[in-house]
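Chemist: Quick one, what's the 3D model for this:
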Amino acid sequence: MPIAALFNPKAKKWVRGRRNIFERLEKATAGHQSIIWIHCASLGEFEQGRPLLEKLKADPSFRNAKFLLTFFSPSGYEIRKDYKGADWVFYLPMDGPRNAKRFLEIVNPSLVIFVKYEFWFYYLKKIKYRNIPLILVSALFWKEMSFFKWYGAMQRKMLSRFDHLFVQDHKSKQLLDDIGLSSITSISGDTRFDRVIDIAESAEPLPLIEQFIGGNKTIIAGSTWPEDEEVLKQTLNAVDDATRKLILAPHEISEKHLASITELFPGSIRYSQLGSAPGSTVLIIDNIGLLSRLYKYATITYIGGGFGKGIHNTLEAAVYAKPVIFGPVFHKFREAADLIKKGGAFSIANADESIKIISELLANENKLAESGKSSGNYVYSNRGASNRIIQFLKEKGYAGSF
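Modeler: Residues are numbered from 1 along each chain as shown. Below is the predicted model of the structure:
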């Protein structure tokens, strides 16, 4: 990593963020007891752990707890290092017997929560040796993972060191049951449902967006990449509806990318210019933080990433009871497959399919309404994972430490 840091900005942040980390950690936490340590790999895992953290903080049973949030990746830490919901936010020191021992001696947590996918051998080993309650939340497993292979003995041992494994679905539980972990495994669901519901129910209005839409049918596309934007360009040109509008919130908001979108959509305007620029049918969001509230104003939503490594967060859109459309790479995302089965989402392979589906939804009010209702019902029917986990902690007596 130090060598990579010479050439890679992300690696540089990874290395720089860990300098003198034990000294800084010791200074920050000195004199504090009853610490709950929550660890996330990156930003996506943080969004899953966040509703649990915030509900724990608000629960009277944990009123004396302090919260330490750690990240492995710069993409999580750099964005959330000033997050006010935790008392301290740090990088996780690299795994190893000495690092894990020193970290635990400094922090001395009363409860440890790992989110979804993080399995560090020495940290888990030292936590177990110190008899600190350790749980995994919002986990998702599939049979191709090393835990379920003939060579996965060490990985299975890591799982056995958790006091409890909260998984998202029945398939994950069955896989863990088959390797002898049924006694410490239960289905809680995905805490991300709680998060998107909290956001939707507390979302503040966006007057400039309301003004831009002006009652017109609007496609809102979030976390888009160039491949998505090309599909949307062809769709917008082909859809026979003169009143339709498009709001694009690209995944990358570098000036280069924003310029390429502007070239692709002549006459489009940016959000930062919305108050003074003339009217347009295409709005480009050129800042961060609006997307989860934007979807509320959509007629149809489009989630980017499906023509690359995989789609982004579909639940942020579905919670507002909107039809959801995305590209073909979605199979690692359980909620996307579920939404398709429920009729709330549609996967497209190319621009022609996008044109067909969006034209049908815009032309058929009943289909539009039914699809949106299916999306919203799916999200709300899956709420409650955070409360189930907290109830377990209370029943096990872990709340007594605080």
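
Chemist: Now for the most centrally placed residue in the chain: which residues touch it?
Modeler: With distances taken as C-alpha atoms, centre = their mean, the chain has Gly44 as the residue nearest its mean C-alpha position (3.4 Å). Taking C-beta atoms under 8 Å, 6 or more residues apart in numbering, we find Gly44 in contact with no residue. From N, CA and C alone the C-beta is placed, and that goes for glycine too.

Chemist: Make 49 the starting number, not 1.
Modeler: Sure thing, new numbering starts at 49, so read that last one as Gly92.

Chemist: That one sits in which helix or strand?
Modeler: Taking DSSP states H and E as the criterion, Gly92 maps to helix 91-106.

Chemist: Tell me the buried residues in that helix?
Modeler: Judged by neighbour count using 16 or more other C-beta atoms under 10 Å, the buried positions of helix 91-106 are 91-105.

Chemist: Stretch 126-146 now?
Modeler: Of the residues in stretch 126-146, those with enough neighbours to count as buried (16+ other C-beta under 10 Å) are Glu126, Arg128, Ala134, Asp135, Trp136, Val137, Phe138, Tyr139, Leu140, Pro141, Asp143.

Chemist: returning to what we had before: next one: the helix holding Gly92 to chain centre, how far?
Modeler: 10 Å (C-alpha atoms, centre = their mean, to the nearest Å).

Chemist: cool, stretch 200-213 as well?
Modeler: Taking C-alpha atoms, centre = their mean, one finds the center of stretch 200-213 at 24 Å from the center of the full chain.

Chemist: got a list of contacts for that stretch?
Modeler: 162, 167, 169, 172-173, 175-176, 181-184, 187, 193-195, 224, 227, 229, 232-234, 440, 444.

Chemist: Which of those residues fall within helices?
Modeler: The members of the contacts of stretch 200-213 that map onto helices under DSSP state H are Phe169, Leu172, Lys173, Ile175, Lys176, Leu224, Phe440.

Chemist: and which of those residues is nearest Lys404?
Modeler: Of all these, the one sitting nearest Lys404 is Leu224; the distance, using C-beta to C-beta, is 41.1 Å.

Chemist: Looks like Val427 contacts Ala365 (just checking).
Modeler: No. Here Val427 lies out of contact with Ala365, judged by C-beta atoms under 8 Å, at a distance of 9.6 Å.

Chemist: Between the two, which has more neighbouring residues?
Modeler: Ala365 (34 against 24; other C-beta atoms under 10 Å).

Chemist: Specify the local secondary structure of that one.
Modeler: Assigned state for Ala365: helix (three-state reduction, DSSP: H, G, I helix; E, B strand; the rest coil).

Chemist: Would you mind giving the buried residues of stretch 126-146 as TSV with pLDDT, distance to Arg64 and secondary structure added?
Modeler: Formatted as TSV, the buried residues of stretch 126-146 follow (pLDDT from 0 to 100; distance: C-beta to C-beta, whole Å; DSSP: H, G, I helix; E, B strand; the rest coil):
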residue	pLDDT	distance to Arg64	secondary structure
Glu126	88	10	helix
Arg128	90	17	helix
Ala134	96	21	coil
Asp135	96	23	coil
Trp136	96	18	strand
Val137	96	15	strand
Phe138	95	13	strand
Tyr139	94	9	strand
Leu140	94	15	coil
Pro141	93	14	coil
Asp143	93	19	coil
